[in-house]
Every structure is written in C-alpha cells, then in structure tokens.
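>>> Got a predicted structure plus its sequence, pasted below:
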Amino acid sequence: MWLRTPRPGRAEPAVSREQIVRGAVALLDEEGAARLTMRRLAERLSTAAATLYLHVETKDDVLDLALDAIFSETVIPQTPAGDWRADVTALITGWRATMLRHPWSVTVLDRPLLGPNVLARTEYLHATLVAAGFTDPHLTAAAYALSNYVIGSATMQAAALDHDHPEDRRAADRHLHARRHLYPTLAAHGAPLANDWDTVFTHGLTYLLDGLTPYKSP
C-alpha cells in the first residue's frame, strides 16, 4: 500500500485508521496472522466491514499498517553512543524484542517493508554502518547479514516457543539419547529447544560483529 497514491479525502468515517491499526495489532497478537479477516476485525471494532474499506483496500493493507505500527516500538537512538557496535547492538536488540512481543510479525515479513517506521529503522542501521566506514559491497553485505540474523533468530525462537512444552523437550532429549550413535554431539549437549535464547542471541551477534569489523575502513 505504500506505493499507491492516497485516496481523495472523504467524510470522516465512524472508525479511524488509527483505531483499525490498534484493533488489528491486538487481534494479531492474540490469534496470529492466519486468523485475521476483515469481517473479524470489523466485529472487534463494533463496525461493519464496509467501514474498514474507507481506509484500506485489502487485508494486506491492514497487515502493512500493523507491521509498520509495531516497529514504532523499536527505539532508534537519538544520541548515538559513538561506538558503531554499541549503536548497532542497541538497534538490533530492540528490533528482536519487538518481533518477539508480536510473534505474528515474523510470518508476514514477505510484505513490502516500506512503511515510515521500518524505513527509519533501516536508515539508522545503514547510516550507522556508513559512519563506521563500511562502503559497498561491504555496506550492503553487513546490513543484510545483521537483518537476516535478527529476523532468522526471532523466527526460530517464535516457532520454538510456540511448541515449547516441558514434555516435548523431554521427548526430544529421549529421542536424541536413543540415537546418540547417530547424533553424539546433539545428544551430549541437549535438544535445540533447551537453548537460552537471550544468551545465544547475544553471543551470535558478537560473533557477527567481530566478523564484520575487518571490512570497515579505519
């Protein structure tokens, strides 16, 4: 929806765009993207579906607006620390936290990420890397590596936690133990679901930043 020309102004409908977005985010948080329909959203807002179409054309428009809205929660430092690693870490950590608060977001990242909040986040990441001395092709590679890491990490964690039950973990451990001759390392170090996600994410980000450092200009 971000690339379409805005519609001409109309009489103010009973429900505002802001109310639609808040209602959509709440519905998505509770039930996930698969359960979002215009009819169910209209019912939640105590209005008719036709009212929603005064603001949006399709359900995809609602997803675009909701996805961009949640990324307003990712704080973009107004006063950078002056240490590019610290600045990137602050942004990436906040970005991950936003997606984990709204796990449905990881399932709709195939949407065009052109909303103002998403673009502000992406601009900050690129600007921080440029200021640190990254130039193409290293700039693009670094930005993609960081973006892919946080998205991949959040996607794996959201999926795992959605199925994370103590009995499942015990069953996974038993499965690996019984096949330890095939998977000795996994059997010795536990099932992936047993990970401390925060610690693993922090270590992984450190490894990634260490690997990027040699490719920036002094």
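Nice, thanks for sending it over. Numbering: from 1, shown residues only.

>>> Most distant residue from the centre of the protein?
Most distant from the centre of the chain: residue 181, at 37.8 Å, with distances by C-alpha atoms, centre = their mean.

>>> Could you check how far that residue is from residue 197?
Spatial separation of residue 181 from residue 197 under the definition C-beta to C-beta, to the nearest Å is 29 Å. All C-beta spots, glycine's among them, are computed from the backbone N, C-alpha and C.

>>> Which segments of this protein make up each domain?
What the record gives for the chain is the domain set 17-71, 74-215, from automatic domain parsing.

>>> Burial-wise, tell me which of those domains comes out on top.
Stretch with highest mean neighbour count among the domains of the chain: domain 17-71 (a mean of 17; mean count of other C-beta atoms under 10 Å).

>>> Report all helices and strands that the one helix or strand residue 64 maps to contacts.
Element membership of residue 64 [criterion: DSSP states H and E] is helix 59-70. Using 3 or more C-beta pairs under 8 Å, 6 or more residues apart in numbering; DSSP states H and E as the contact criterion, the neighbours of helix 59-70 among helices and strands are helix 17-31, helix 38-44, helix 116-132.

>>> Where do the helices of this protein begin and end?
Per DSSP state H, the chain has helices spanning 17-31, 38-44, 49-52, 59-70, 84-101, 116-132, 138-162, 166-178, 184-189, 197-212. These are given in chain order.

>>> For the shortest one, name the packing helices and strands.
Contacting helix 49-52 under the criterion 3+ C-beta pairs under 8 Å, 6+ apart are the following elements: helix 38-44.

>>> now for the helix it packs on, which elements pack on it?
Short answer (3+ C-beta pairs under 8 Å, 6+ apart): helix 38-44 packs on helix 17-31, helix 49-52, helix 59-70.
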